[in-house]
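S.K.: predicted model follows, preceded by the sequence.
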Amino acid sequence: MSEEGIWGYGQNAGHQEGLDLIGYKVEATDGGIGKIDKHSEEVGASYLVVDTGVWIFGKHVLLPAGTIERIDTAEKKVYVNRSKDQIKDAPEFVEAEHKGEPSYLEQFARYYNQPHM
């Protein structure tokens, strides 16, 4: 997947522009990982910020929109194509750093563009 492609919602993900995903549960390939705390629909930089709660001690992780397999609006769940461990091992999202650095998302692109199972 290209760096650009990872930041866009997949054709079959079920994303609808303007849909508020905050509060939706996030399901990894092997179970639930937390709830969406924030999301961006910016073209070429769409992502979710997930609050993992007690699962990994309250860490906030960023998931590029390209990791979303599908959005279930009836269940208020977002299914992603990464395992809990892959998400747990991702760089932590720190909003203050994100706001101050235009290239901040590059570390996430490098991490999520690695081959996954």
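M.R.: Nice, thanks for sending it over.

S.K.: show me where pLDDT drops low in the protein?
M.R.: Flagging of the chain using pLDDT under 70 yields the residue ranges 1-4, 54-58, 100, 102, 114-117.

S.K.: swap the cut-off to 90 and go again
M.R.: Counting by pLDDT under 90, the chain has low-confidence residues at 1-5, 9-12, 14-19, 40-45, 52-60, 87-110, 112-117.

S.K.: pick out the residue closest to the middle of it.
M.R.: Centroid-nearest residue in the chain: Leu63, 1.9 Å away (criterion: CA atoms, centre = their mean).

S.K.: just confirm that residue is within a helix.
M.R.: No: under DSSP: H, G, I helix; E, B strand; the rest coil, Leu63 sits outside any helix and is assigned strand.

S.K.: which SS class is Gln107?
M.R.: helix.

S.K.: now do the contacts for it.
M.R.: Counting by CB atoms under 8 Å, 6 or more residues apart in numbering, Gln107 makes contact with Pro91. From N, CA and C alone the C-beta is placed, and that goes for glycine too.

S.K.: now do it against Phe93, distance only.
M.R.: The gap separating Gln107 from Phe93 is 10 Å, by CB to CB, to the nearest Å.

S.K.: give the contact list for Ile36.
M.R.: Counted by CB under 8 Å, 6+ apart, Ile36 has contacts 21-26, 48-51, 78.

S.K.: which residues in this protein form strands?
M.R.: Using DSSP state E, the strands of the chain run over 25-28, 31-40, 47-51, 60-64, 68-72, 77-80.

S.K.: please export the C-alpha coordinates of the fifth one as PDB.
M.R.: These are the backbone C-alpha positions of strand 68-72, laid out as PDB (Å, rounded to 0.1, in the frame of the first residue of the first chain):
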ATOM      1  CA  ILE A  68     -10.400   0.300   8.000                       C
ATOM      2  CA  GLU A  69     -12.100  -2.700   6.500                       C
ATOM      3  CA  ARG A  70     -15.700  -1.600   7.300                       C
ATOM      4  CA  ILE A  71     -17.800   0.700   9.300                       C
ATOM      5  CA  ASP A  72     -21.000  -0.700  10.900                       C
END
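
S.K.: can you list the buried residues in that strand?
M.R.: Residues 68, 71 are the ones in strand 68-72 that count as buried (16 or more other CB atoms under 10 Å).

S.K.: all good on my end, thank you.
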